[in-house]
Every structure is written in C-alpha cells, then in structure tokens.
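Engineer: What follows is a predicted structure for the sequence shown.
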Amino acid sequence: MNKKQKWNEFWATESDFHEVFVCGGDDNNNALRKLWHSVFAQFSSQARIIDIASGAGSIYRSIGAKNFSNLVAVDGSTAALNALSKDLPEVTTIEQDITVHNPEVERADHVVSQFGIEYGGIAAFKVALAMLSSGGSVHCLCHGQNSSIPLQQRQQLEGIELIRTTEFLSLAMHCIAAMYSNDVPMIEKYVGQFRKVEPLLARFASEYPQTFAAHIHASLKKMILQLKSYNEKDVLEWCESAVAQCDELESRARDIVNIALDTDKIQLLKQLFALNKMENFQVEDVINDNNASVIGLLISASKP
C-alpha cells in the first residue's frame, strides 16, 4: 500500500481516532483553537489562505471558516478532502501531492498547516514557499521531537513491542482455546507461560494507561475472567483483530516519530527559508496551558 492509499484509508473512516494524530485529542483542542485564532486575527477576511496538508480541515474548523472568503485546502487524500467539503463546502479543495509544486495553483497570501506539512519533508516546505506571494506569511504547526504527540507514540511503540516480544496475544489465544476445549495439559502449559508474561503488561499498563497495550491488557483480562459469558469464536476473532490493530498503530506511530522535527531538521528549514529570502524565521513551542506540555512547534516567517 503506497502513502496515498494509506492516507485515504485513514481518512475514509469517520472516527475520533484521527484527532489523536492531527490534534492530540480533546485536551489540546482549546490551545490549538487559541493559536489559530491569534494567527488568523493577523489576516484580512479577503486574504487567500492555503492550508497545505490540510487533512479533513482541522484548522478551518477551529477558526470559523465562514469569516474568511478565500480559504483553500491542499491535500493528497481524496477521502480527507471529501470529509472537509462535506462539513465546510465554502472551502476550495485541491487534491495534489504536497511535495510537488503545481504552478497552476494561484499564489497565497498566507500558508498554514497543522501536523501535516512535515510528512512531506523539506520538499513540502519548498512547495509552501513557492505558493507564497510577496507580503505573505507562513505558519506551520509541526510535530517536534519532544512534543506531546510523538512522545505518546513512542509509548505506543514501546507497548506494542512488549506485546510482541512476550507473545502476549498468541499465548492468550492458546490459553483461551485450551480453556474452551477443557484440554487440561494445554491449559497447564499455556496458562503457566501466560502467567509469566502478564505481570509485565500489567506494570506497563499501570504506568501508561492511555496506550493501546493497556487497552489490550484490560480488555483481555475482563474476557478471561468472564470467559463463560463469551463465545469462543468472538474472543479469538477479537484477539486476531487486536494483532492487526497493533500493526496499523505501529505503522502510524513510526511515521509520526520519524517525521518529528529535531535540531538538524530545523536547521535545514532555517537554511531553506533563508535561501528563499524569507524574513523573521521563528520556531516557537506551542504549550497546552492545562498540563504545560509542548503540543508542537510553530514554524513561522514572512516574505517581503
């Protein structure tokens, strides 16, 4: 599956799951809304504004899109833009690879992005700068190496790795099958092995209760304790589904961790902006006032 197909599949499902990656969940929404209101307060209501790597339009949803007459969303995912158009029909959508400049796209007075442009690397920033008119500005909120979403995803990866290395789900499935068939030798064999690894997951779940590994541990514990209330086929299918979800979450988490901006990437961006004669280049932490965590890095600059 190529990147475009992966993103289409991601956005094709209507789920709050998306917001974990584009906003970081409900706890960050107020801080992000406050950020974008302060940014858009600098713009004319008639300004042409392009959201590059818009996804389903998190920025425009947060600022009251009807207050601006020339909003544009650029993204490579058909499904994401369809979701945006469904709720925000006043926004013009353009489907294209964010790493490839399209000279036919009218230039922007301002370019914005929220947890999107960094997936395209330096090439996507080059496209953003090429889109910009003189007197315009760029404001891109990006994942930083030590900001909250990448940190959360590193915890997810640690939990998934623990599930795999302990063979937690595989042993659970053997235990469940043995219990339903009342196969005493197999029960003794697999339950003994399961009891050795379960405390490892329990400790991890206690330390990181918001991870998928913690969800797996709690759900499986409940099912095993109430096994007679469940159908064997349903329980085993749930386990198989959990294995597939681990694969999906691991792929998404690795993407976020890998694209997060570190010191070297920021230095490359600074050089790129300088080569394009951009002024007032800034990198600022965006903070969640509720818990003092860093939500992301705001990259901003202006074009004389």
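Structural biologist: Arrived safely, thanks for sending. Numbering: from 1, shown residues only.

Engineer: hey, which helix or strand in this protein has the poorest pLDDT?
Structural biologist: helix 17-22 (a mean of 42; mean pLDDT, DSSP states H and E).

Engineer: for the helix or strand following it, packing partners?
Structural biologist: Of the helices and strands lying after helix 17-22 in sequence (DSSP states H and E), the nearest is helix 26-40. For helix 26-40, the packing partners by 3 or more CB pairs under 8 Å, 6 or more residues apart in numbering; DSSP states H and E come out as helix 58-63, strand 108-114, strand 132-142, strand 279-288, strand 293-302. Quick note: C-beta positions are derived from backbone N, CA and C, even for glycine.

Engineer: domains of the chain?
Structural biologist: 3-147+260-302, 149-255 (automatic domain parsing).

Engineer: all helices of this protein, in order?
Structural biologist: Remark: helices assigned in the chain by DSSP state H are 3-12, 17-22, 26-40, 58-63, 78-87, 121-131, 148-165, 168-181, 184-207, 212-225, 232-259, 263-275.

Engineer: Comparing these, which yields the minimum mean pLDDT?
Structural biologist: Lowest mean pLDDT of these: helix 17-22, a mean of 42.

Engineer: ok, back up a step: which one of the helices of the chain is the most hemmed in?
Structural biologist: Highest mean neighbour count among those (mean count of other CB atoms under 10 Å): helix 58-63, with a mean of 22.

Engineer: What distance do you get for Leu84 to Thr93?
Structural biologist: Distance from Leu84 to Thr93, counting by CB to CB, to the nearest Å: 6 Å.

Engineer: any shared contact partners between the two?
Structural biologist: Residues touching both Leu84 and Thr93 (CB atoms under 8 Å, 6 or more residues apart in numbering): 54, 73, 75.

Engineer: Now render these as CSV, adding distance to Val243, pLDDT and neighbour count.
Structural biologist: Converted to CSV, the shared contacts of Leu84 and Thr93 look like this (distance: CB to CB, whole Å; pLDDT from 0 to 100; neighbours: other CB atoms under 10 Å):
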residue, distance to Val243, pLDDT, neighbour count
Ser54, 33, 94, 30
Ala73, 35, 96, 26
Asp75, 31, 94, 25
